[in-house]
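Peer 1: let's see this in three dimensions:
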Amino acid sequence: MNLTVEGVVKAIVRISPRVLRLMGKKSEKTEASVSVVPEPGYPLKVLSMKLQEGKHIVAEIKSNNTQNDGCEIVVRNIMNRPGRYFDMIVLKTDSTIQPEIKISVFGNIME
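Peer 2: Alright, predicted model coming up:
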């Protein structure tokens, strides 16, 4: 038995960039930001943020969505040696459709 389902998938939030890449030298300040903006008709607010590992990065919500205009998250590398890492930003929202948003973070720190 086969079941085929067709339809349009609508995004309820726009995340840009979808994957955050931190690349730089260990002696440099390396940071980047990601924006999280709800699509029209799908209001949501970010209630909290945590890092899956939190060993090599710190993150801060710079501007939280006051009128559904979204937020910006600034992520900074804190690893002080050359190497690569992966982490995940996990956002808790007030949306019943998407109560959790995950954003991948890749780091590549050079000598």
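Peer 1: use CA for all of it now, contacts and neighbours both
Peer 2: OK.
Peer 1: what does stretch 89-109 contact?
Peer 2: Stretch 89-109 is contacted by residues 12, 18-26, 43-52, 77, 79, 81-88 when judged by CA atoms under 8 Å, 6 or more residues apart in numbering.
Peer 1: in its sheet, which strands sit next to the lowest-mean-pLDDT helix or strand in the chain, and in what direction?
Peer 2: Sorting the helices and strands of the chain by mean pLDDT, DSSP states H and E puts strand 57-63 at the bottom, at a mean of 91. Applying DSSP bridges, strand 57-63 is found paired with strand 71-77 (antiparallel).
Peer 1: right, and the helix or strand after the partner strand?
Peer 2: strand 83-93 (DSSP states H and E).
Peer 1: which residues of the protein fall in strands?
Peer 2: Listed in chain order, the strands of the chain (DSSP state E) span 13-16, 19-25, 31-38, 46-51, 57-63, 71-77, 83-93, 100-110.
Peer 1: buried residues in the least confident helix or strand of the chain?
Peer 2: Within strand 57-63, the residues that count as buried by 16 or more other CA atoms under 10 Å are 57, 59, 61.
Peer 1: can I get those residues in JSON lines with distance to Glu100?
Peer 2: Output for the buried residues of strand 57-63, formatted as JSON lines (distance: CA to CA, whole Å):
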{"residue": "Ile57", "distance to Glu100": "20"}
{"residue": "Ala59", "distance to Glu100": "17"}
{"residue": "Ile61", "distance to Glu100": "16"}
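Peer 1: ok, so of these, who is nearest Ser35?
Peer 2: Lowest distance from Ser35 to these (CA to CA) belongs to Ile61, with 9.8 Å.
Peer 1: so what's the closest one up against?
Peer 2: When contacts are counted by CA under 8 Å, 6+ apart, Ile61 touches 71-74.
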